[in-house]
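1. Could you work out the structure for the sequence below:
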Amino acid sequence: MSAPLATSSALIFSAPAGGGHPEQPEARRQLAVILTGSCTVTASGETRTGRPGDLLLVEDTVGAGHSSTTGEGFTALMIALEDGANWSPTEDSANW
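-> Numbers count the residues shown, from 1 in each chain. Below you'll find the predicted structure:
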């Protein structure tokens, strides 16, 4: 179990089937929890597909950022991390 994380907000984000976006950085570090559907994300030359229950640390706030696509659409819980919140994936966590 991690230590408590400082967060500033949370929202539910839904993307329609066939949706996506070109490379772009994010405004702040976030955790994304895929709730329904699937989303394929490409960042730093690596491509992964998130499905329900998967957790993604989104921290590409500078540079090219990431791109995403979804064939079936998806819904995710997006949790904005406070500046300085120290969390990183560990080998035993459910990250993709």
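2. neighbours of residue 33, just the number please.
-> Neighbour count for residue 33, taken as other C-beta atoms under 10 Å: 17. From N, CA and C alone the C-beta is placed, and that goes for glycine too.
3. ugh, wrong one, I meant residue 76
-> Counted with other C-beta under 10 Å, residue 76 comes out at 25.
4. Contact partners for the most centrally placed residue in the chain?
-> Centroid check for the chain by C-alpha atoms, centre = their mean gives residue 32 as the closest residue, at 3.6 Å. Residues counted as contacts of residue 32 (C-beta atoms under 8 Å, 6 or more residues apart in numbering) are 50, 55-56, 58, 76-79.
5. Show me which positions of stretch 17-32 end up buried.
-> Within stretch 17-32, the residues that count as buried by 16 or more other C-beta atoms under 10 Å are 26, 29-32.
6. Report the separation between the residue lying closest to the residue nearest to the centre of the chain once chain neighbours are set aside and residue 25.
-> For residue 32, ignoring the flanking residues on the chain, the nearest one in space by C-beta to C-beta, 6 or more residues apart in numbering is residue 56 at 4.4 Å. Counting by C-beta to C-beta, to the nearest Å, the gap from residue 56 to residue 25 is 15 Å.
7. what does residue 77 give?
-> Taken as C-beta to C-beta, the span from residue 77 to residue 25 is 21 Å.
8. buried set for the helix-or-strand element of the chain with minimal mean pLDDT?
-> Within the chain, no helix or strand scores below strand 55-58, which has a mean of 90 by mean pLDDT, DSSP states H and E. Neighbour counts over strand 55-58 (16+ other C-beta under 10 Å) mark 55-56, 58 as buried.
9. and what of stretch 61-74?
-> Buried, per 16+ other C-beta under 10 Å, within stretch 61-74: 65-66, 68-70, 74.
10. Please produce JSON lines containing these, extended by distance to residue 4.
-> Shown next, in JSON lines, are the buried residues of stretch 61-74 (distance: C-beta to C-beta, whole Å):
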{"residue": "65", "distance to residue 4": "28"}
{"residue": "66", "distance to residue 4": "27"}
{"residue": "68", "distance to residue 4": "29"}
{"residue": "69", "distance to residue 4": "34"}
{"residue": "70", "distance to residue 4": "31"}
{"residue": "74", "distance to residue 4": "27"}
